[in-house]
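Novice: how does the following fold in three dimensions:
(chains A, B, C and D)
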Protein chains: 2
Amino acid sequence: MTDTAKPRREQIHDVASRLFSERGYHATSMRDLAGELGMQGGSLYAHISGKEELLIEIVRGASQQFDDALFSLRDLDLPAEQKLREAMFRHIRVVADNMDSATVFFHEWKHLSAEPYARVVAWRDTIDTFYRELVAQGVQDGSFRSDLDIRATATLILSSVNWTYTWYRPGGSLSPRDVAEQFADMLLRGLRADGPEAGEAP
Amino acid sequence: MTDTAKPRREQIHDVASRLFSERGYHATSMRDLAGELGMQGGSLYAHISGKEELLIEIVRGASQQFDDALFSLRDLDLPAEQKLREAMFRHIRVVADNMDSATVFFHEWKHLSAEPYARVVAWRDTIDTFYRELVAQGVQDGSFRSDLDIRATATLILSSVNWTYTWYRPGGSLSPRDVAEQFADMLLRGLRADGPEAGEAP
DNA sequence: CCTACCGATCGGTAGG
DNA sequence: CCTACCGATCGGTAGG
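Specialist: Residues are numbered from 1 along each chain as shown, chains lettered A, B, ... in the order given. As a prediction, the model looks like this:
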């Protein structure tokens, strides 16, 4: 109606994200994609160089969003607990605000060819490290339990935030902040009732 | 060498699980599958009726394993905390002992046709319910915090056990029991140091 | 379990 | 951005 239309390339990426997330990369044909954009299959190649380029850019875009959200936290001088809450919130928000590309990111990166594949593997490592450092900081300053296994703790945190792509529904009653606060509360305080000290061994 | 060979059908399912988990369902051709079994593409159809039958059986087999592991716990008279520990252990063990079919289960079920697809959706609901009931029991008997959100708690637990399919390595140093105990300890006790009561709000 | 084949569809290109 | 097309490959079948 007006000239608020997105650039064609961006439209293609958006639709590709949706189709790849719904049907998977290999089950989505270039003709499916073109059809949703109201063009013929061959016409796509006036805008992009090939199918894998789309996957590469979707995956790169998703990892970039995580980087932007998390790495600015790295050198922030916050107590470990606050930093963890904020990291979980931002992490979940990236997933929630980009359900399609996040789903593609988690599900379809295995179909990348060698070089972009290796980049994803390396990227995963940087995120692991980010959360491990965050946990280590909390252990060192005494706010987290000293008997925590750093790797396992980081993995547990990552499980909680990453798995959201499987169940979160953007239009629902839970905001990313709600989810993050619920999860962080449970992780930090534990599920056990306090007070009379629930029995350890029966 | 001896006659310990598995039935051909079982071999086909095992190889299909591996290929589907490594490459995805649609990126695995029947000729790929036949080749790994030392036969021609068309020969597969002497043993199976079609490609989707393989996916259906892999998915059905995986959900059956979870059912067998978890539902026997349902009416067991255990304290909630012990039941949670045992459920998490069994859940993680199913994933760890069946990395291929578990990966197919979590990644490829979307490619099922309407009827088996609906069965998976319904199944997921029974597992959700299982964990919610477990949490609710713990809240009722006073061993879990009374302010827990049942749904969120069950989701957090499920995140931790399901996500293992993405990082667990069966030959490594961590047994399913190790992982389950680490995760359950953290979830139950929380990450915070006890004692001087780490500050809630700064 | 093989050979030989089917129609359908794939990603991508040429030329306009 | 379209038409028309390319070789390759797909899942599956017939007949043995």
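Novice: so, low pLDDT: which residues of chain A?
Specialist: Counting by pLDDT under 70, chain A shows low-confidence ranges at A:1-4, A:195-202.
Novice: so what touches stretch A:67-82?
Specialist: With CB atoms under 8 Å, 6 or more residues apart in numbering or on different chains as the test, stretch A:67-82 has contacts from A:83, A:86-87, A:90-91, A:93-94, A:126-127, A:130, A:133-135, A:137-138, A:141, A:143-144, A:188, B:192, B:198-199, B:202. From N, CA and C alone the C-beta is placed, and that goes for glycine too.
Novice: let's see which of these end up in helices.
Specialist: Counted as lying in helices by DSSP state H, out of those, are A:83, A:86-87, A:90-91, A:93-94, A:126-127, A:130, A:133-135, A:137-138, A:188.
Novice: ok, and which of these reach chain B?
Specialist: Subset of these in contact with chain B: A:135, A:138, A:188, counting by CB under 8 Å from any CB of the partner chain.
Novice: got those as JSON lines, with neighbour count and distance to residue B:67 columns?
Specialist: Shown next, in JSON lines, are those (neighbours: other CB atoms under 10 Å in any protein chain shown; distance: CB to CB, whole Å):
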{"residue": "A:135", "neighbour count": "23", "distance to residue B:67": "35"}
{"residue": "A:138", "neighbour count": "25", "distance to residue B:67": "38"}
{"residue": "A:188", "neighbour count": "19", "distance to residue B:67": "33"}
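Novice: buried subset of the contacts of stretch A:67-82 as a PyMOL selection?
Specialist: In PyMOL syntax, the buried subset of the contacts of stretch A:67-82 is picked out as below (16 or more other CB atoms under 10 Å in any protein chain shown):
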select buried, (chain A and resi 83+86+87+90+91+93+94+127+130+134+135+137+138+143+144+188) or (chain B and resi 192+198)
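Novice: first-to-last residue distance for stretch A:168-176?
Specialist: 9 Å (CA to CA, to the nearest Å).
Novice: how many neighbours does the residue in chain A positioned nearest to chain B have?
Specialist: Among the residues of chain A, residue A:190 lies closest to chain B, at 2.9 Å counting by CB to the nearest CB. Residue A:190 has 21 neighbours, counted by other CB atoms under 10 Å in any protein chain shown.
Novice: wouldn't it be in contact with residue B:190 here?
Specialist: Yes. Between residue A:190 and residue B:190 there is a contact under CB atoms under 8 Å: 2.9 Å.
Novice: right, I'll leave it there.
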